[in-house]
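J.: Pasting a predicted model and its sequence here:
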Amino acid sequence: MRNLLHTIPLLLILAGTLLLFEQPAYAYTDPGTGLLAIQAAGSALVAVGWYLRRKIYALFHRGANRKPQQGVYGGTEEGNVWEGNDRKGQDREGQGPRLP
Amino acid sequence: MSSQAEFPERPCASPDDASEGAEPQWTFRDPAGQLRLTRAHALRRIHPGAVEETLAFLASPLRAVLERSGDLISSEIVQPEVTPATLPGELWLHHPRIDPISYPWEWTTAQWRSAAELTLRIASQAIDAGWMLKDATPLNILFAGARPILVDVLSLERRNPNSTTWLAYGQFVRTFLLPLVAEKLLNWPLRTTLFFRDGYEPRTIYEALPRWQRLRPSLLDVVTLATMFESKAGKADKARRFPTTSDPELATHILHKRIFRLGKQIRRAARSQTSSQWTGYQQSASHYQAADTEAKQQFVRGVLARLRPAHVLDIGANTGLYSLMAAENGAQVVALDSDPAAIAALWQTAERQGKFITALVANIARPTPAVGWRNREQLSLLDRLSGQFDLVLMLAVIHHLILREQVPLGHIGDLCSRLTRRWLLVEWVPPSDPMFQEWLRGRDEIYGHLTEADLTQAFAPFFDVSDRTVLGNGRILLLFDRKPVAGMQREAVTS
C-alpha cells in the first residue's frame, strides 16, 4: 500500500511531463512539404553547378570579348535533350550548361 | 454483306448513363473549369477567372505544336449553352471524345511509363515556350488506341520566368513515379492505384521499403529525403515560399534538370516486360495443330472481311493475334485480358505497328468498378463498354468463365448481348478438350455434360446462330447475330 502511494505521484508527474511535449498530429501536417523541400535543395545544387561552370569558363576565356551563351542551353536546345531513351540526352545529364 | 450503316447507333457512355438522375454530371474538382461528356464531344466549361489564361494558351504556338504532334487533345471554341447555371463571361470548348475512357489502374507498366514520358515531354516543351504544367497526373492522360494523349488543356499555365519550382512535381512523383516504384520493389500491382487517386506519399513507400532499398540513388531524393524533410516541416507551421532566381536562364536550366531527372527515375522504376504462362500461349498451345490454327484464323478473317465492323471488343485477347487481325481490317479495337504481361506484349505490338488497339488489363468476370465521389467520377468498365461494339470476340473464353468463375451460360449470353450491338463470335471449348479437362478438377457432374447445344440454348433469348465451323481439335466457332428483342428477354433469363 505504501509502495502504491509512492508510485501514484510518480505516474502523475510522468503523465504531466508527456503532456508538456505534445506530439504533432501527423494527419494534419502537409505531406507535400517534403517534396517541395527536395525541389528547393535540388535547385540550389544545380545553381551552384551553373555558377561554377560560368566561373571556370570565364577563367579560361579571360580577355575574350564575348560571354558564354547560356541562352542556347536554357532555350530550345535543352528541350531537345529530353527524348525519352535517347542516349544523346542521357550523355548530357549532369554536365550543366552547354558552352560554346 | 453488312456495312457500317447496318449497325445500330452507339449509345453514349457517360456518367449520365450510370446515374440515377437526369441532371448532367459535370466534373467539379478543378476550380478553373468543368467537363462533361456528350454523345459526340467532351464539353468543357471554363470559369470567367480562367478564361484569359485559356485563350492565351489556345492562341499560343505551343498549343499548335502539341496538337499537331497528337500529344494534346484538340479544342474548338463553341457558343456557351444558356442555362441558369451559366455565368457571364464563361468560355466553352468542345474536344473530340476518346473512347473507351481508360483509367491508370487498367494500364500496364509500359503504358504507365509512356503516359509519364508524355507528361514530361509536354512539361519540357512548355518550359521552353514560357508555359508550365500545373497538374501532372495519369488521370489527365487517355489512350487513343495505343497512343497516350493529354486531355486537360487547363493543365497549362504561364510560368513565372524566375521561378525554379515546378508546382506539379510532387503530384508527378506521387501519382506517376511512386506507383511504378511500388510495383517494381514491393510487388504492389498498379491496379491497386484504384484506391489511391492521389498516388502514394513518399512516407508510405519509405516505411514499406527494406532499409537498404531506401538508399538507392534513384529513390534517395523522392522517397528517403522527402520523408525526412516532411517530418521536420510538420513541426513548424511555416507559410510556403517558392524559390526564385533573378536569372531566368538559370530558372529554365533548373526546371529542365528536374524534368530530366524525373525521366531517368521513371525509366529506372518501370519494371521491364515480363512473361507469364499466357504470353507464350499461342506458340506453345499443344492442343492446336497447325491445320486447326489455320482453319480458325481463316474463319475469323472471313467474318471480319464480311462484316467489316468499325468497333471490335476482344475479350481474353491474350497477346492480340485476333485484335491485330481486326485492326488490320480497319476496326478500332478494345482488347481486354486479365494477364498484364499478355496485355503489355499486345500494347507494344500495337504501338510499334501503329494499330488502333486500346489494350486494357481487365477481367470481364470481375470488371473494374466505378469509383470516386458517389461512384460517379470514374465509370465502371461495363458502363464504358456496353453497347459500343459491332462485334465482340470471345475466343476460348467461355470455359474460363464457367470453370474458374462459376458463371452460368445464360448470364454470359446476357452480358454479351449488352456489349455487342450486333455480332458475337464465340469459340466453344467442349468438355473433352484438354484445357477444359485441366480446370474441371473432379467437377464432371456439374460441368462435364455441357455441349454446344447447351450454349446455343442459353444464348437463344439473345442471339441467333448465323455461322458455324468445327475445327479438327473439336472446338467450335459460332457467329451469333443479336436479336432485336434481346433486352426484353433479358430479365426472364437471368432472374
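T.: The structure has been received and is ready for your questions. Numbering: from 1, shown residues only, chains lettered A, B, ... in the order given.
J.: Let me know the average pLDDT across stretch B:71-88.
T.: In this model, stretch B:71-88 has an average pLDDT of 85.
J.: repeat for stretch B:380-399
T.: The average of the pLDDT scores along stretch B:380-399 is 95.
J.: How far off centre is that stretch?
T.: On the basis of CA atoms, centre = their mean, to the nearest Å, the separation between the geometric centre of stretch B:380-399 and that of its chain is 15 Å.
J.: Which positions in stretch B:367-375 come out as buried?
T.: Applying a neighbour-count criterion of 16 or more other CB atoms under 10 Å in any protein chain shown, the buried positions in stretch B:367-375 are B:367-368, B:370-371. Using the backbone N, CA and C atoms, a C-beta is placed for each residue, glycine as well.
J.: Any chance of JSON lines for these, columns secondary structure and pLDDT?
T.: Formatted as JSON lines, the buried residues of stretch B:367-375 follow (DSSP: H, G, I helix; E, B strand; the rest coil; pLDDT from 0 to 100):
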{"residue": "B:Pro367", "secondary structure": "coil", "pLDDT": "96"}
{"residue": "B:Thr368", "secondary structure": "coil", "pLDDT": "96"}
{"residue": "B:Ala370", "secondary structure": "coil", "pLDDT": "94"}
{"residue": "B:Val371", "secondary structure": "strand", "pLDDT": "93"}
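J.: tell me which of these is nearest to chain A?
T.: Looking at the buried residues of stretch B:367-375 and their distance to chain A, the nearest is B:Val371, at 21.8 Å (CB to the nearest CB).
J.: how about the residue lying closest to the closest one once chain neighbours are set aside, phi and psi?
T.: Nearest in space to B:Val371, with sequence neighbours left out and distances taken as CB to CB, 6 or more residues apart in numbering or on different chains, is B:Gln378 at 4.8 Å. Recorded main-chain torsions at B:Gln378 are phi -120, psi 130, according to degrees, to the nearest 10.
J.: What separation do you get for B:Gln378 and B:Thr368?
T.: The spacing between B:Gln378 and B:Thr368, counted by CB to CB, to the nearest Å, is 8 Å.
J.: and for the two, which residues touch both?
T.: When contacts are counted by CB atoms under 8 Å, 6 or more residues apart in numbering or on different chains, the set common to B:Gln378 and B:Thr368 consists of B:Tyr103.
J.: show me the residues around the residue nearest to B:Val371 that make contact.
T.: Applying CB under 8 Å, 6+ apart, the residues contacting B:Gln378 are B:103, B:370-372.
J.: Go through chain A and flag its longest helix.
T.: Among the elements of type helix in chain A, defined by DSSP state H, the one spanning the most residues is helix A:33-60.
J.: what residue ranges in the chain score low on pLDDT?
T.: With no chain named, the answer covers chain A. Applying pLDDT under 70 to chain A picks out residues A:1-31, A:63-100.
J.: let's do chain B instead
T.: For chain B, the stretches with pLDDT under 70 are B:1-24, B:231-240, B:273-287, B:485-495.
J.: Kindly recompute the last result at 50.
T.: Low-confidence segments of chain B, defined by pLDDT under 50: B:1-5, B:16-23.
J.: Point to the residue nearest the middle of it.
T.: Computing the C-alpha centroid of chain B and ranking residues by CA atoms, centre = their mean puts B:Ser102 first, at 2.5 Å.
J.: So for that residue, what's the nearest residue that isn't a sequence neighbour?
T.: Of all residues not flanking B:Ser102 in the chain, B:Phe143 sits nearest, at 5.2 Å (CB to CB, 6+ apart).
J.: now do B:Leu93
T.: Counting by CB to CB, 6+ apart, B:Leu93 lies nearest to B:Arg44, which is 4.3 Å off, once chain neighbours are set aside.
J.: host element of that neighbour?
T.: strand B:41-46 (DSSP states H and E).
J.: contacting residues around that strand?
T.: Contact partners of strand B:41-46, identified using CB under 8 Å, 6+ apart, comprise B:26, B:32-37, B:54, B:73, B:75, B:78, B:80, B:86, B:90-98, B:151, B:153-154.
J.: List the buried residues for stretch B:153-171?
T.: Judged by neighbour count (16+ other CB under 10 Å), stretch B:153-171 contains these buried residues: B:153-157, B:159, B:163-171.
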